[in-house]
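*Asks:* Quick one: sequence and predicted model below, then my questions.
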Amino acid sequence: MHIAKYNANGNDFIIFHTFVEVDRSTLAQQLCDRQKGVGADGLIVLLPHAEYDFKWQFYNNDGSIASMCGNGTRACAHYAFTNQLANASMRFLTGAGVITSVVENDLVETELTTPKVLSESFEENGLTWHFCDTGVPHLVTFVEDIGCFDKVIARQMRYKYNANVNYARLEKNALHVRTYERGVEDETLACGTGMAACFYSAYRQKLVGTSATIYPISGDELSLRIVDQKLFFKGSVQKVFETVLDL
Ligand SMILES: N[C@H](CCC[C@H](N)C(=O)O)C(=O)O
């Protein structure tokens, strides 16, 4: 099996394409295992689709299925274009709906799904939480010091609300973000829908304008903008290697 390993600002993925649609949860766990497998935060499988350029299966590191993955859309769009499976501007079907991505060299911009507010903001664990869906559910709290990211609190909130958990620090028109990711069950170096959730929560509170620079813990620089309530997420991706696995 021919696979590619991608890095999207620290969020890493194994990607391949096939005609065969089967449940790949166990394969995802095997391939994503960082000791016994290739190692990645997720597995992305591209499949043919009659109406769109392709559809995808997305699995987290633990084999769980997630409806969307912002960084994953940018990595798989680059993979699809590089492997001549789609043109530079493509539309593909995810569990959260149809996604449009545009590839320009190593830069990829994705139009995410329309964000949804999941509840009123609330206080818990001495923090104010905002709850929204940017393709998958995210809790967001704004802090003065991003170093106070607390994995114990994040894990507790992740299970109580079945959501990814983000701490964000605002600095002028930029956000520094740390994310505890559902399905990885740990902090990842970047989470695309998490960055989008932090931007959207800040925008709704008028803490940022219609665009902002976002810095995940990897230190990479990404951008988010909102136009007519649609979120556009842009950043670079890298193909780390390609190989053939005899599975
Ligand atoms: N772990 C997420 C899916 C991947 C999201 C993240 N990698 C991104 O870039 O959006 C969940 O199960 O809700």
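*Replies:* Thanks, I have the structure now.

*Asks:* What's the separation between the closest residue to Met90 other than its chain neighbours and Leu127?
*Replies:* Nearest in space to Met90, with sequence neighbours left out and distances taken as CB to CB, 6 or more residues apart in numbering, is Asp53 at 4.3 Å. Just so you know, the C-beta spots here come from the backbone N, C-alpha and C atoms, and that holds for glycine as well. Remark: distance between Asp53 and Leu127 (CB to CB, to the nearest Å) = 41 Å.

*Asks:* Could you do Glu242 as well?
*Replies:* With CB to CB as the criterion, Glu242 and Leu127 are 43 Å apart.

*Asks:* Check Thr243 too.
*Replies:* Noted for Thr243: a distance of 43 Å to Leu127, by CB to CB.

*Asks:* Looking at the two, which has the bigger crowd around it?
*Replies:* Remark: of Thr243 and Leu127, Leu127 carries more neighbours, 17 against 10, as counted by other CB atoms under 10 Å.

*Asks:* May I have the beta-bridge partners of that one?
*Replies:* Beta-bridge partners of Leu127, counted by DSSP bridges, are Glu124.

*Asks:* That one is in contact with Val143, isn't it?
*Replies:* Yes - using CB atoms under 8 Å, Leu127 is in contact with Val143, at 7.5 Å.

*Asks:* do you know how far His176 is from Lys239?
*Replies:* His176 is 27 Å from Lys239, where distance means CB to CB.

*Asks:* Settle it for me: which of those two has more neighbours?
*Replies:* The residue with more neighbours, out of His176 and Lys239, is His176; 19 against 15, by other CB under 10 Å.

*Asks:* Check which helix or strand the more buried one maps to.
*Replies:* Taking DSSP states H and E as the definition, one finds His176 inside strand 174-181.

*Asks:* List the contacts of whichever helix or strand comes after that strand.
*Replies:* On the C-terminal side of strand 174-181, the closest following helix or strand by DSSP H and E is strand 186-188. With contact meaning CB atoms under 8 Å, 6 or more residues apart in numbering, strand 186-188 is reached by 10-11, 41, 149, 151, 154, 178-181, 217.

*Asks:* Hmm, Ala154 is touching Lys160, no?
*Replies:* No - at 10.9 Å, Ala154 does not count as touching Lys160 under the criterion of CB under 8 Å.

*Asks:* In terms of packing, which of those two has more residues around it?
*Replies:* Ala154 (22 against 11).

*Asks:* give the contact list for the closest residue in space to that one that isn't next to it in sequence.
*Replies:* The spatially closest residue to Ala154, leaving aside those adjacent along the chain, is Tyr180, at 3.6 Å (CB to CB, 6+ apart). Contact partners of Tyr180, counting by CB under 8 Å, 6+ apart, are 151, 154-155, 158, 164-166, 186-187.

*Asks:* The ligand versus Tyr180, what's the distance?
*Replies:* 9 Å (CB to the nearest ligand atom, to the nearest Å).

*Asks:* before we move on, what about Gly135?
*Replies:* 7 Å.
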